[in-house]
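Visitor: Generate coordinates for the sequence data below:
(one chain, ligands or ions: 1)
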Amino acid sequence: MKLKKKLKPRIKARLRKMGLKTKLRPQIGARIKKNKEIINKNIDNFFDWIKGAELIELKECNVNEDPVRPELDNIFRRSYGRKIFGVKYMGEIHAVMCFAYTNEVPKNVIELDKFSHDAFLQSAQRDQNVGQIAIAYTVWSKKKGGGKLIVNEVFKKIKKSNHLNRLITLSPLTDMATRFHTSNGAKLIQVNDTTQNFEYIVSK
Ligand SMILES: CC(C)(COP(=O)(O)OP(=O)(O)OC[C@H]1O[C@@H](n2cnc3c(N)ncnc32)[C@H](O)[C@@H]1OP(=O)(O)O)[C@@H](O)C(=O)NCCC(=O)NCCS
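Guide: Below you'll find the predicted structure:
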């Protein structure tokens, strides 16, 4: 209270110094109110798009948009049980995540290719389920919030699955990847020469 009382004359003096009359204060109040309304409206719009979004499997993606592994073509992304998922909203894809299914944790794309190929051949001899580990080897977002949303949706899908028991990333060694996955609740399990692996613990 004391601090508030002390500050008021100081603010008035500052406004006078800036050539503003203290009478202007109601206008400033109105501007703050308007800004608050705009922020609230933006938050509402943000949650509206989150609510209307759905996770779907894609036949292909625009690999040139992939900031992490543009060198991998759609054939690689769909071979040996590998899958491409997207978050769709109003007919548009807002975030994409690509998966390979393995029984070991890969340290690079060569291992990712080999391990998912191995898991695919093993599954052909046993059942139809390829590998027990879902490896997310790329994710990108075209709309703020899309990244977190696709991770959450994929996580729910894996939790429900009967044969997948781990969700691990093959991520680049960038601060963005670290901040993104740790802020979504993943744990760093391994740092490799050119990549890092994060794990989203799936408790069933
Ligand atoms: C990383 C990426 C997928 C995040 O998607 P997004 O929809 O923008 O992010 P979200 O709104 O879901 O944010 C989730 C968290 O990621 C982190 N993050 C997002 N963008 C970031 C950036 N540019 N730099 C650092 N951290 C970032 C933040 O911690 C953020 O949490 P916060 O909003 O509470 O601060 C997106 O920025 C992207 O496409 N990046 C390029 C590709 C890439 O590096 N992919 C990750 C490595 S596999």
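
Visitor: In contact with the residue nearest to residue 102 when sequence neighbours are not counted, which residues?
Guide: Take residue 102 and drop its neighbours on the chain: the residue closest to it by Cβ to Cβ, 6 or more residues apart in numbering is residue 115, 3.8 Å away. Quick note: C-beta positions are derived from backbone N, CA and C, even for glycine. Counting by Cβ atoms under 8 Å, 6 or more residues apart in numbering, residue 115 makes contact with 100, 102, 103, 104, 106, 131, 135.

Visitor: buried sites along stretch 99-112?
Guide: Neighbour-count burial for stretch 99-112, counted by 16 or more other Cβ atoms under 10 Å, picks out 99, 100, 101, 102, 104, 105, 106, 107, 109, 111, 112.

Visitor: The first one: what's it in contact with?
Guide: Applying Cβ under 8 Å, 6+ apart, we find residue 99 in contact with 82, 83, 84, 85, 134, 135, 136, 137, 154.

Visitor: Need the pLDDT of the second one.
Guide: What it means is residue 83. As predicted, residue 83 sits at a pLDDT of 97.

Visitor: Tell me what it is bridged to.
Guide: Beta bridges link residue 83 to residue 99, judged by DSSP bridges.

Visitor: now the fifth one
Guide: On the basis of DSSP bridges, residue 134 is bridged to residue 101, residue 167.

Visitor: Pull the number of nearby residues for it.
Guide: Residues within reach of residue 134, counting by other Cβ atoms under 10 Å, total 25.

Visitor: where does it sit relative to residue 97, distance-wise?
Guide: 10 Å (Cβ to Cβ, to the nearest Å).

Visitor: overlap in contacts of the two?
Guide: Shared between the contact lists of residue 134 and residue 97 (criterion: Cβ under 8 Å, 6+ apart) are residues residue 154.

Visitor: In contact with residue 76, which residues?
Guide: Contact analysis of residue 76 by Cβ under 8 Å, 6+ apart lists 82, 113.

Visitor: Quick one: end-to-end length of stretch 83-103, please.
Guide: 16 Å (Cα to Cα, to the nearest Å).

Visitor: list the buried ones in it?
Guide: 84-89, 93-102.

Visitor: Now the residue in the chain that the ligand sits nearest to. Nearest residue, chain neighbours left out?
Guide: Relative to the ligand, the nearest point of the chain is residue 147 (2.2 Å; Cβ to the nearest ligand atom). The spatially closest residue to residue 147, leaving aside those adjacent along the chain, is residue 141, at 4.0 Å (Cβ to Cβ, 6+ apart).
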